[in-house]
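Chemist: Any chance you can model this:
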Amino acid sequence: MTNYILKFLGIYVACLFKFISGPVLGAAAGFSLVEIVLVSVGGMMTTVVSLTYVGDWFKSYWDLKISPNKKRFSPRSRKIVRVWRKFGPIGVAVFTPIFLTPIGGTIVMNAFNVDKKIIILYMSISAFFWAFVLGGSINWILSIPFFDTLLR
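Modeler: Model (predicted):
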């Protein structure tokens, strides 16, 4: 039981920073689809909720203390703005688990002044969707007899 809890907590901590680690590590640990979804969504949403409510403080601190008056845009920030203009908060939420990290997606949505309830709603829907899709596909791939013989 202790081994299971340590595995679960380790994967949970990994999901705080990178969502894809939940389905991959959960399948490697032998978790069921429900366990994979719980650990992946739990890790991502912990980051999203904590950064959403710390976001106002972070933005004010960033604007006043760190950033200079000059506004410079990197190619990556231009891509994020392009995604925002095309798809809005739903697009950022959908792309967060795959391309952005939970931290990056939440910071982008906070930077565009999205309502906190909307951030949490869209990110949770996206997290559940991608956890089911990725967890189910990884479990399905691992159930192919070819991979079963390789893992023994």
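Chemist: what are the ranges of the helices in the protein?
Modeler: Ranges of helices within the chain are 2-17, 21-28, 33-61, 75-95, 102-111, 116-142, 145-151, based on DSSP state H.
Chemist: Format these as JSON lines; extra columns: mean pLDDT and mean neighbour count.
Modeler: Just so you know, the C-beta spots here come from the backbone N, C-alpha and C atoms, and that holds for glycine as well. Listed next are the helices of the chain as JSON lines, based on pLDDT from 0 to 100; neighbours: other Cβ atoms under 10 Å:
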{"stretch": "helix 2-17", "mean pLDDT": "91", "mean neighbour count": "15"}
{"stretch": "helix 21-28", "mean pLDDT": "90", "mean neighbour count": "22"}
{"stretch": "helix 33-61", "mean pLDDT": "86", "mean neighbour count": "18"}
{"stretch": "helix 75-95", "mean pLDDT": "80", "mean neighbour count": "15"}
{"stretch": "helix 102-111", "mean pLDDT": "86", "mean neighbour count": "22"}
{"stretch": "helix 116-142", "mean pLDDT": "90", "mean neighbour count": "17"}
{"stretch": "helix 145-151", "mean pLDDT": "65", "mean neighbour count": "8"}
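Chemist: ok, Thr47 to Ile80 distance?
Modeler: Look at Thr47 and Ile80: by Cβ to Cβ, to the nearest Å, they are 18 Å apart.
Chemist: One more: Gly43?
Modeler: From Gly43 across to Ile80, the span is 22 Å (Cβ to Cβ).
Chemist: what's the answer for Trp57, then?
Modeler: Applying Cβ to Cβ, the value for Trp57 to Ile80 is 22 Å.
Chemist: same check, this time on Ile144
Modeler: Remark: distance between Ile144 and Ile80 (Cβ to Cβ) = 37 Å.
Chemist: I figured Leu16 was touching Val41, is that so?
Modeler: No. When contacts are counted by Cβ atoms under 8 Å, Leu16 is not listed as touching Val41 (11.9 Å).
Chemist: That'll do, ta.
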